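S.K.: Next comes the sequence, and after it the predicted model I'd like to discuss.
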Amino acid sequence: MTLADKRILVIGGSGVLGAELVRQLRAKGATVLASATSNETAAKIPHGAEVRLICDFKSTESIQTLSDYLNAATQFDGIINAAGVVAFGPAAELTIETLNTLMAVNASGPIQLISSLHPVLKTSAEAGREPFVLNITGVVAEQPMQGLAAYSASKTAIDGFFNAITREWRRDGIKVISTYPGHTETGLASRAIEGTAPNFPQGMTPEHVVERLIVAIENSEAAVPASGF
């Protein structure tokens, strides 16, 4: 698959991986739409993005507003979900507020948005444009980790959704790609919504991870396990 003529939505385009995706996709000749949680974080989306959008996954109304706009006014050929938050600490000390945020941002919010955008992707498939959806799921969906129980749960939740739509959406000509990168030096661990990160070993660079994600899209891979990075 060539990306040169593709229009791609990057969810979480203000984050480190999302911003790198915007830059590398633009370098491949793709047109990029990118979302952020607020007007303040949208300022972090690289200037290469053609459109900057707002979507707060903690608000079903915000998700619906973006969905309505994209379904009515926009054509695109791919979705990459790079949004996410993390929390650390023993499961017994988890607060309900943290659990709700993890599930909303990492699982239920993206599931709601991506599901609602199926018609746009199906239209792209009918035009022969090889649409795709890629999720940056993370290694904890392969191997849930102690001290990351709730985070692991949120990631395994969206992983189950992606595994299911892989089969459901195949008949509509939509490629679904699940990816499981290990620890990456994005600074996310230092921005945990609860708890303190352990001393992780040196992680991969965002540039390396994004390069591998783009190869997966170009080669129409079904999945990239943690060992594939």
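M.R.: Perfect, I can see it now.

S.K.: hey, let's count contacts and neighbours off CA atoms from now on
M.R.: Noted.

S.K.: What segments of the chain are strands?
M.R.: Assigned by DSSP state E, the strands in the chain fall at 7-11, 31-36, 51-54, 78-81, 132-136, 175-179, 223-224.

S.K.: Distance to Gly147 for those - can I get that in JSON lines?
M.R.: Output for the strands of the chain, formatted as JSON lines (distance: least, C-alpha to C-alpha, whole Å):
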{"stretch": "strand 7-11", "distance to Gly147": "27"}
{"stretch": "strand 31-36", "distance to Gly147": "28"}
{"stretch": "strand 51-54", "distance to Gly147": "31"}
{"stretch": "strand 78-81", "distance to Gly147": "24"}
{"stretch": "strand 132-136", "distance to Gly147": "21"}
{"stretch": "strand 175-179", "distance to Gly147": "22"}
{"stretch": "strand 223-224", "distance to Gly147": "25"}
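
S.K.: Now mean neighbour count too, for the ones you listed, in a markdown table please.
M.R.: Shown next, in a markdown table, are the strands of the chain (neighbours: other C-alpha atoms under 10 Å):
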| stretch | mean neighbour count |
| --- | --- |
| strand 7-11 | 26 |
| strand 31-36 | 25 |
| strand 51-54 | 18 |
| strand 78-81 | 23 |
| strand 132-136 | 23 |
| strand 175-179 | 24 |
| strand 223-224 | 18 |
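
S.K.: right, so of these, which gets closest to Ile193?
M.R.: strand 31-36 (17.2 Å; C-alpha to C-alpha).

S.K.: tilt between that closest one and strand 7-11?
M.R.: On the basis of axes from the mean of the first three to the mean of the last three C-alpha atoms, to 10 degrees, strand 31-36 is oriented at 20 degrees to strand 7-11.

S.K.: and the gap between Val85 and Glu97?
M.R.: Val85 sits 13 Å away from Glu97, going by C-alpha to C-alpha, to the nearest Å.
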